[in-house]
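**Q** Predicted structure and sequence below. I'll ask about it afterward.
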Amino acid sequence: MEGTASLAGTAAAGAAPRRRRNYARHYWWFVVPCGAVVLGTIVFPWVFTLYMSVHEWRLGGGRSWVGFANYAKLVEDERFLLSILRTLYFTALSVLLPMVLGLLAALAFHRKFPLRGLARTIFILPMMATPVAVALVWTMMFHPQLGVLNWLLQQVGLPPSMWVYAPETVIPTLVLIEVWHWTPLVMLILLGGLASLPIDPYEAAKIDGATPWQAFRHITLPLLAPFLVVALIIRTIDALKAFDTIYVITQGGPGTASETINIFLYLQAFAYYNLGYASAVVVVFFTIIIALAMVLLWTRARVKDA
């Protein structure tokens, strides 16, 4: 009897893996459509981009294998290297300023005051506009002779500015648009974080005689850190891929003063039709984004563990 029970248990134990394998054979077909979409929209474009990057490939012409010659050319291309520096400069300002102003706005809108809901609604309106529409409106405002901004400067006794028409001021001016457009997004993220903070630490700090600055420094900032990191990641990604606003307003000018890596890539691919070289730019740009993303995700993990 014991031997029979043992054999039955062994047979049942062996049948369970077989049933799981049978289920897997039947159900893996449900994964095929999703896998096909992933291969068609993500994997294939990247593999094809890598393929083009090792070829001399011009639109309307032939193609020839050049290996890593396109990448070697990038290292020696001063225009490409300067576009990376401009991209990092633009990204740093477009992330830092909205983060600071968004935090201040979130702290202000978190307090109770009359018509707070209306004020919040008005503050987030810029975020609702499309980038191209924003660019067209600001282009008219930046006009040296007819723009309203120079008229306002003259009303307060300040000299007019060339704004996007001068190499020295074009990047800061484009950053001004980014700050106006995306500070509301940072404010919304941080405002949600502030609404979720517990009240008990603040009550304990008040009993202990902590000043508002001490409560902000030692309670609000540490508790708000995960939300700050999320806003930082979103803003960094948005700033790195900024294209439409810059292209509509300056097309990379004056000269190449506002030519970020996205503008450089667009011109190489669709103005000069040098698809092989443009593909190499895409691969390098993607590598830079991955490196920054890893740093930001590491920072987020450290903040969560703290």
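**A** That came through, no problem. Numbering: from 1, shown residues only.
**Q** going forward, measure contacts between C-alpha atoms and count neighbours the same way
**A** Will do.
**Q** Next up, the contacts around the residue positioned nearest the centre of the chain.
**A** Centroid-nearest residue in the chain, with CA atoms, centre = their mean: residue 237, separated by 1.3 Å. Residues near residue 237 by CA atoms under 8 Å, 6 or more residues apart in numbering: residue 289.
**Q** that's a strand at residue 56, yeah?
**A** Yes. The assignment for residue 56 is a strand, going by DSSP: H, G, I helix; E, B strand; the rest coil.
**Q** Please tell me the pLDDT value assigned to it.
**A** pLDDT, residue 56: 91.
**Q** wait, doesn't it sit right on residue 277?
**A** Yes. Counting by CA atoms under 8 Å, residue 56 touches residue 277, with 7.3 Å between them.
**Q** Return every residue with contacts to both of the two.
**A** Joint contacts of residue 56 and residue 277 (CA under 8 Å, 6+ apart) are residue 70.
**Q** which of those two has more neighbours?
**A** Shown here are residue 56 and residue 277; by other CA atoms under 10 Å, residue 277 has more neighbours (24 against 19).
**Q** how far away is that one from residue 255?
**A** Between residue 277 and residue 255 the computed distance is 21 Å (CA to CA, to the nearest Å).
**Q** Likewise for residue 102?
**A** From residue 102 to residue 255 the distance is 33 Å (CA to CA).
**Q** show me where the stretch 101-250 of the chain has helices.
**A** Secondary structure of the stretch 101-250 of the chain, counting by DSSP state H, counting those that start in this stretch: helices at 116-128, 131-141, 148-155, 170-195, 200-207, 212-215, 221-240, 244-249.
**Q** tell me which residues in stretch 83-103 are buried?
**A** 83-84, 86-88, 90-95, 97-99, 101-103 (16 or more other CA atoms under 10 Å).
**Q** can I assume residue 276 is in contact with residue 70?
**A** Yes. Counting by CA under 8 Å, residue 276 touches residue 70, with 7.3 Å between them.
**Q** where do the contact lists of these two overlap?
**A** 53-56.
**Q** Tell me the most packed of those residues, by neighbour count.
**A** residue 53 (26 neighbours).
**Q** Right, I'll leave it there.
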